[in-house]
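Chemist: Mind looking at a prediction? Sequence and model below.
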Amino acid sequence: MFKTIKNIWHVQDLRNRILFTLFIFLIYRIGSFVPVPGVNKDVFEATNTAGSDLLGFLNTFSGGALKNFSIFALGIMPYITASIIVQLLSMDVIPKFAEWAKQGEHGKKKMAQVTRYGTVILAVIQAFATSIGFNRLYGTEMVPNATFGDYLVIAIVLTAGTSFLMWLGEQITERGIGNGISLIIFAGIIASIPSHITTIAQSEFIVEGQAFINVVKSLAIILVCVLIVIGVIYVQQAIRKIPVQYAKRVVGNKMYGGQNTHIPLKINAAGVIPVIFAVSLLQFPVVLASFWSTHSWAQWISSNLSTNRPLGMVLYVVMIIGFTFFYTFVQMNPQQMAENMKKNGGYIPGIRPGKSTETYLTRVLTRLTMTGALFLAAISILPMGLGALAGLPSTVLIGGTSILIVIGVALDTMKTIEGQLIKRHYKGFINK
């Protein structure tokens with residue numbers, strides 16, 4: 001591994017991309033501490049320190065920016081929500097979107113542009129709701145003598161912060177290494193880990209007269225984290241190889257085809273995207289309800305739709321499974337794969353080209369996706385259940401989701417670096 005790290009710095013282009021990505025991370029962390037003008041941050045921080053489970057959850061994904069009520073307080077979640085909406089609309093809901101989805105790179109650029117506009121619109125709505133809602137929730141001391149103009153300034157700043165984060169993510173994708181949006185979320189979660197460790201240590205383990213219990217708890221938590229990491233890596237790397245054989249073709253005086261290859265179908269082809277989608281959608285009604293906490297309907301939503309409540313946990317699992325199937329079949333269309341094989345003279349041994357191949361690929365992909373979806377759901381809720389049994393603070397009972405995202409993004413980034421090294425005849429992390 002050390003030799004691989006050394007090889008990375010020998011490749012100038014790869015070295016520059018990694019340094020550029022780290023520079024973007026630095027900008028992101030600095031922006032997380034730049035306060036929004038007109039907000040009494042001390043009042044907000046003092047109240048939020050003892051805040052709800054939801055605020056602790058959202059604060060983790062914003063890298064502490066929500067607790068500081070900085071210009072990046074909304075994080076990248078409006079972009080993720082806009083991406084969900086655009087992808088759903090591209091499933092033959094809006095014909096134009098469906099047409100763009102089939103146009104390759106040109107269509108992707110148009111869809112990306114629509115997603116950007118949707119992000120700004122959602123960010124404006126969420127920024128207004130956040131500024132007004134927090135002022136109601138925490139008292140008028142947060143924004144003294146607030147007027148519409150004050151709320152407008154705060155909304156513009158928060159929207160600009162989210163738009164800037166979106167731009168930073170796109171810059172990482174284009175000029176850095178890996179998927180920019182995923183890496184922004186990754187950086188936020190990593191930045192929140194020290195505070196979670198401190199919270200656990202202060203509330204659970206620094207207790208006189210319970211040294212043995214504290215040691216057992218610590219070892220149990222470390223063991224669970226290690227097992228989760230091993231399980232996630234194992235499933236993320238697991239694939240099923242579907243054999244494909246191409247018939248020989250004679251074109252002029254040359255013979256083409258005749259080789260054997262395979263289609264690698266991953267158990268979890270969707271990665272951590274379903275988890276991020278599920279978190280974004282499930283927390284949306286809880287966020288709105290928290291701003292009207294005095295109403296009975298809002299109290300019911302807050303107490304039942306949280307991910308550490310039975311109903312919220314069930315909805316969370318259902319959403320993860322649903323989004324896993326949705327995203328997998330959008331990325332890997334069995335009908336399109338079958339058509340491409342038939343056009344190029346390829347077939348799966350024992351399966352007729354055309355409709356039979358499509359049915360076979362759909363059946364195999366469905367079984368693999370169900371396995372991956374159940375695994376994602378189990379890993380997402382398992383740490384919350386174990387943490388509740390161990391009596392850990394509720395604000396840190398999101399370990400499964402965080403670990404899934406961190407490991408998934410790390411593996412994808414590692415594969416990107418691996419590909420860059422192999423192209424230049426260096427050994428990577430995986431190849432021996």
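Modeler: Perfect, thanks for sending it.

Chemist: Phi first, then psi, for the residue nearest the centre of the chain.
Modeler: By CA atoms, centre = their mean, the mean C-alpha position of the chain lies nearest to residue 276, the distance being 4.0 Å. Backbone torsions of residue 276, given as degrees, to the nearest 10, read phi -60, psi -40.

Chemist: what residues are up against it?
Modeler: Counting by CB atoms under 8 Å, 6 or more residues apart in numbering, residue 276 touches 80, 185, 405. (Glycine included, C-beta is placed from N, CA and C.)

Chemist: okay if I get those residues as TSV plus distance to residue 353?
Modeler: Below are these laid out as TSV (distance: CB to CB, whole Å):
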residue	distance to residue 353
80	38
185	41
405	39
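
Chemist: nearest to residue 371, of those?
Modeler: Taking CB to CB as the measure, residue 371 lies nearest residue 405 of the contacts of residue 276, at 19.9 Å.

Chemist: The closest one touches residue 274, doesn't it?
Modeler: No - using CB atoms under 8 Å, residue 405 makes no contact with residue 274, being 11.0 Å away.

Chemist: Now for the chain, the helix or strand with the poorest mean pLDDT.
Modeler: For the chain, counting by mean pLDDT, DSSP states H and E, helix 41-49 ranks last in confidence among helices and strands (a mean of 57).

Chemist: ok, so what distance separates the residue nearest to residue 72 when sequence neighbours are not counted from residue 313?
Modeler: Distances taken as CB to CB, 6 or more residues apart in numbering place residue 65 nearest to residue 72, at 4.1 Å, with adjacent residues excluded. According to CB to CB, to the nearest Å, residue 65 and residue 313 sit 27 Å apart.

Chemist: ok, these two, which is more surrounded?
Modeler: Neighbour totals were compared for residue 65 and residue 313, and residue 65 leads with 27 against 19 (other CB atoms under 10 Å).

Chemist: the helices in the stretch 301-432 of the chain, which residues?
Modeler: Here the stretch 301-432 of the chain has its helices, by DSSP state H, counting those that start in this stretch, at 310-331, 334-343, 355-390, 399-423.

Chemist: and residue 239, which of the ones you listed is closest to it?
Modeler: Closest among the helices of the stretch 301-432 of the chain, once you apply CB to CB, is helix 355-390, at 8.9 Å.

Chemist: Now render the contacts of residue 276 as JSON lines, adding pLDDT.
Modeler: Below are the contacts of residue 276 laid out as JSON lines (pLDDT from 0 to 100):
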{"residue": "80", "pLDDT": "83"}
{"residue": "185", "pLDDT": "85"}
{"residue": "405", "pLDDT": "79"}
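
Chemist: buried subset of these?
Modeler: Buried subset of those (neighbour count, 16 or more other CB atoms under 10 Å): 80, 185, 405.

Chemist: who's in contact with the last one?
Modeler: Residues near residue 405 by CB under 8 Å, 6+ apart: 182, 185-186, 189, 272, 275-276.

Chemist: what's the answer for the first one, then?
Modeler: For residue 80, the set of contacting residues under the criterion of CB under 8 Å, 6+ apart consists of 181, 276-277, 280.

Chemist: Among the residues you listed, which one lies nearest to residue 38?
Modeler: Within the contacts of residue 80, the smallest distance to residue 38 is 27.4 Å, found for residue 280 (CB to CB).

Chemist: State the helix or strand in which that closest one lies.
Modeler: helix 273-290 (DSSP states H and E).

Chemist: what angle sits between that helix and helix 355-390?
Modeler: 50 degrees (axes from the mean of the first three to the mean of the last three CA atoms, to 10 degrees).

Chemist: For helix 273-290, list every residue counted as buried.
Modeler: For helix 273-290, the neighbour count (16+ other CB under 10 Å) marks 273-283, 286-287, 289-290 as buried.

Chemist: Give me the pLDDT value at the nearest residue to residue 337 once chain neighbours are set aside.
Modeler: Among residues not flanking residue 337 along the chain, residue 361 sits closest, at 5.9 Å (CB to CB, 6+ apart). Turning to residue 361, the model gives it a pLDDT of 88.
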